[in-house]
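Chemist: Only the shape, not the letters, is given here:
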């Protein structure tokens, strides 16, 4: 990750909160200013029978017991958020609020006062590891990874989640010592009482353009279980499985569900929109575009499914393209906050993980070749259509008047490693997840040893590891299903 300037953490607007009742009970947390008078924190930082709420604006003020008194003016226990107002004080620094929909792997910042650091602030770098926007019954908006500089997060509740120097959410809780949960500003102001309080006090809420973006619809039944999300290092690697039943791999269920994804993979949004005919005819057309004689097509289809499900991608070129006798994997775009990301796939299907990594590295190097990128963008130009969501933003990808680096903000290379493994062949129910985790860690070592992460500054990898029992049987079963 790139170095981050200290001012991006907004430390001057983040404070220690200490709540006390009349029986010597004290609760401590973090809070932050959002206007010259208002403060936001987690509701559980406040005692129901509190006598005084103390705000310490600096570490020195805490050590010398120099505090500002605050009062509670609004709260919602269900989402664990509270708004306070300070007495006889005016904040000159505060954090603007921002409505934003965060994608997984987005880097965000936070700063708070964990008890383990005594009265010192702890600026930390985090990544969004899950987003619950599409889940109706949820306690939190999204979850973030931990930072190696903090081991226990007690006292951090109420800290802001910051993107581009603005608050997009509030840290709420640490669970099971490895996950941090947050409530987004979007979900906070869904409470009309909160929105009224903010509006009445002149708090301006900014909005990331396109924050309400929804990807094109896709089949909601998944052929996969994403059973491991490994953030122990770079790159992030997700363990992909199809599940077992009575100790047998659920192969038939996998091919039946994957069948329903062929249309989404093989036909562009434009093709689907313009097609005249019923679903059966649409599927026949999609199947005619799917290369059943090429096992690479199966890996590419699986990659398409994985990134559509786990990231909010817009498919641009869904099937394999051969240019200069090279195979192109799928190409998608992602609107991530205020950035336009181009996702260029590198799928691989081999007998061993070592060969899968080798093939993927070769594909990545080809993707990064200047001529290859120009060919890819030439093909993209012909795909842009009025049916695209947010066409006004995506049309920039195909604008030949712009240089390559001006057409996007970042290149993401999703890698799908389909390979045979004893993990599936010799299934061990009791130790499966531990063995899978070890398999992923060894895969990361292989990738790190062969890929120079400094080749291109804009590159970021997203790796899916899909161990299978028998590639030939898997491909034959799928071909039979769609035939």
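Modeler: Yep, it's here. Quick caveat: nothing in here was measured; it's all calculated off a predicted structure.
Chemist: only C-alpha atoms for contact and neighbour calcs from this point on.
Modeler: Fine.
Chemist: Do a quick rundown of the helices in the protein.
Modeler: Using DSSP state H, the helices of the chain run over 59-63, 185-188, 192-200, 251-259, 262-266, 269-274, 279-289, 295-310, 353-368, 370-381, 391-394, 422-425, 432-450, 471-482.
Chemist: For these, state which one has the densest average packing.
Modeler: Ranked by mean neighbour count, the helices of the chain are led by helix 262-266 with a mean of 24 (mean count of other Cα atoms under 10 Å).
Chemist: in the chain, which helix or strand is least confident?
Modeler: Lowest on mean pLDDT, DSSP states H and E among the helices and strands of the chain sits strand 321-323, with a mean of 57.
Chemist: in the sheet, who's paired with residue 236?
Modeler: Beta-bridge partners for residue 236, by DSSP bridges, are residue 462.
Chemist: residues near it, how many?
Modeler: When neighbours are counted by other Cα atoms under 10 Å, residue 236 registers 18.
Chemist: need the contact list for residue 354.
Modeler: Neighbouring residues of residue 354 by Cα atoms under 8 Å, 6 or more residues apart in numbering: residue 446.
Chemist: okay if I get the helices of the chain as TSV plus mean pLDDT and distance to residue 217?
Modeler: As requested, those are exported to TSV (pLDDT from 0 to 100; distance: least, Cα to Cα, whole Å):
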stretch	mean pLDDT	distance to residue 217
helix 59-63	94	50
helix 185-188	92	22
helix 192-200	94	30
helix 251-259	95	16
helix 262-266	92	9
helix 269-274	82	10
helix 279-289	91	15
helix 295-310	91	10
helix 353-368	86	28
helix 370-381	71	21
helix 391-394	72	16
helix 422-425	94	32
helix 432-450	88	31
helix 471-482	94	21
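Chemist: Need those helices in a markdown table (columns: distance to residue 334).
Modeler: Shown next, in a markdown table, are the helices of the chain (distance: least, Cα to Cα, whole Å):
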| stretch | distance to residue 334 |
| --- | --- |
| helix 59-63 | 41 |
| helix 185-188 | 20 |
| helix 192-200 | 30 |
| helix 251-259 | 23 |
| helix 262-266 | 16 |
| helix 269-274 | 15 |
| helix 279-289 | 24 |
| helix 295-310 | 10 |
| helix 353-368 | 18 |
| helix 370-381 | 14 |
| helix 391-394 | 9 |
| helix 422-425 | 33 |
| helix 432-450 | 24 |
| helix 471-482 | 29 |
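Chemist: Nearest to residue 74 among these would be which one?
Modeler: helix 192-200 (7.0 Å; Cα to Cα).
Chemist: Residues contacting the closest one, please?
Modeler: Residues outside helix 192-200 that contact it (Cα under 8 Å, 6+ apart) are 74-75, 188-189, 204.
Chemist: Just the buried residues of those.
Modeler: Buried members of the contacts of helix 192-200, counted by 16 or more other Cα atoms under 10 Å: 75, 188-189.
Chemist: got a list of what the residue nearest the centre of the chain touches?
Modeler: Nearest to the mean C-alpha position of the chain, counting by Cα atoms, centre = their mean, stands residue 104 at 0.1 Å. Contact analysis of residue 104 by Cα under 8 Å, 6+ apart lists 127-131, 310-311.
Chemist: What about those residues, which one has the most neighbours?
Modeler: Of all these, residue 129 has the most neighbours under the rule other Cα under 10 Å, reaching 23 neighbours.
Chemist: Show me which residues of stretch 45-63 are buried.
Modeler: 45-47, 50, 52-59, 62.
Chemist: Now residue 482: closest residue in space, sequence neighbours ignored.
Modeler: residue 259 (6.1 Å; Cα to Cα, 6 or more residues apart in numbering).
Chemist: so how far is residue 22 from that neighbour?
Modeler: According to Cα to Cα, to the nearest Å, residue 259 stands 65 Å off from residue 22.
Chemist: Poorly predicted segments of this protein, please.
Modeler: Within the chain, the segments meeting pLDDT under 70 span 1-3, 134-137, 174-178, 208-213, 230-233, 319-328, 370, 380-390, 452-459.
Chemist: per the record, what domains does it have?
Modeler: Listed by automatic domain parsing, the domain ranges of the chain are 6-207, 225-482.
Chemist: To residue 215, which of these lies closest?
Modeler: Nearest to residue 215 among the domains of the chain is domain 225-482; the distance by Cα to Cα comes to 5.5 Å.
Chemist: sorry, back to before: strands - which of the contacts of residue 104 land there?
Modeler: 127-131 (DSSP state E).
Chemist: what residues are up against the residue lying closest to residue 149 once chain neighbours are set aside?
Modeler: Nearest residue to residue 149 in three dimensions, chain neighbours excluded: residue 124, at 7.4 Å (Cα to Cα, 6+ apart). By Cα under 8 Å, 6+ apart, the contact list for residue 124 reads 109-111, 147, 149.
Chemist: Which two of those have the greatest separation?
Modeler: 109 and 149 (13.1 Å).
Chemist: The two: who's more crowded?
Modeler: residue 109 (22 against 10).
Chemist: so who does the more buried one touch?
Modeler: Shown in contact with residue 109 (Cα under 8 Å, 6+ apart): 9, 123-126, 161-163.
Chemist: can you name the two of these that are farthest apart?
Modeler: Of all pairs in the contacts of residue 109, the most separated under Cα to Cα is 123 and 163 at 13.2 Å.
Chemist: Dump the contacts of residue 109 to TSV, plus distance to residue 353.
Modeler: Shown next, in TSV, are these (distance: Cα to Cα, whole Å):
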residue	distance to residue 353
9	40
123	38
124	34
125	31
126	29
161	37
162	38
163	36
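Chemist: Select only the buried ones of these in PyMOL?
Modeler: Here is the PyMOL command that selects the buried residues among these (16+ other Cα under 10 Å):
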select buried, resi 9+123+124+125+126+161+162+163
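Chemist: just the contacts of residue 109 now: which is nearest residue 273?
Modeler: The closest of these, once distances to residue 273 are taken by Cα to Cα, is residue 163, at 36.2 Å.
Chemist: which residue packs closest to the closest one, ignoring adjacent ones?
Modeler: Among residues not flanking residue 163 along the chain, residue 108 sits closest, at 5.3 Å (Cα to Cα, 6+ apart).
Chemist: State the distance from the closest residue to residue 203 other than its chain neighbours to residue 91.
Modeler: Counting by Cα to Cα, 6+ apart, the nearest residue to residue 203 once its immediate chain neighbours are dropped is residue 35, at 6.3 Å. Separation of residue 35 from residue 91 (Cα to Cα) stands at 7 Å.
Chemist: With neighbour numbers in mind, choose between these two.
Modeler: Legend: neighbour count by other Cα under 10 Å for residue 35 and residue 91, higher for residue 35 (23 against 16).
Chemist: Please enumerate the strands of the stretch 1-150 of the chain.
Modeler: Per DSSP state E, counting those that start in this stretch, the stretch 1-150 of the chain carries strands over the ranges 14-20, 26-33, 38-42, 52-56, 68-76, 81-86, 97-99, 107-112, 122-131, 142-144.
Chemist: coming back round to it: please tell me I have it right and the residue nearest to residue 482 contacts residue 480.
Modeler: No. Using Cα atoms under 8 Å, residue 259 makes no contact with residue 480, being 10.3 Å away.
Chemist: So what pairs up with the residue nearest to residue 149 in the strands?
Modeler: In beta-bridge terms (that is, DSSP bridges), residue 124 pairs with residue 110.
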